[in-house]
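Peer 1: compute the structure for the input listed below.
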Amino acid sequence: MQEISAASILAKVTRDREMRELDMLYPEYGFAQHKGYPTAFHLEKLAQHIVQHSFIAKVLRLFAEY
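Peer 2: This next block holds a predicted model:
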């Protein structure tokens, strides 16, 4: 069980580091703040930069409303 816990922590630390690196490349997305989690801000930014008439953009806008 300790191995699973350690793997989970390592995965989160790695993802957080990658999000900070992405934030330096794309500061308009706020990766350093939301770290990839679907916050309202993150979903709003994704919807703004995805083709406006795509299904994904519509779904993201719906999630951002909640």
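
Peer 1: contacts and neighbour counts: CA atoms only from here.
Peer 2: OK.

Peer 1: tell me the phi and psi of residue 38?
Peer 2: For residue 38, the backbone dihedrals (degrees, to the nearest 10) come out as phi -80, psi 70.

Peer 1: nearest residue to the middle of this structure?
Peer 2: Using C-alpha atoms, centre = their mean, the residue of the chain that lies closest to the mean C-alpha position is residue 36, 2.2 Å off.

Peer 1: quick one: it and residue 19 touch, right?
Peer 2: Yes - A contact is recorded between residue 36 and residue 19 when judged using C-alpha atoms under 8 Å, the distance being 6.8 Å.

Peer 1: count of neighbours near residue 48?
Peer 2: Residues within reach of residue 48, counting by other C-alpha atoms under 10 Å, total 13.

Peer 1: can you report how many residues lie near the closest residue to residue 29 other than its chain neighbours?
Peer 2: Using C-alpha to C-alpha, 6 or more residues apart in numbering and skipping residues adjacent in sequence, the residue nearest residue 29 is residue 45, 6.1 Å away. For residue 45, the count of nearby residues is 17 (other C-alpha under 10 Å).
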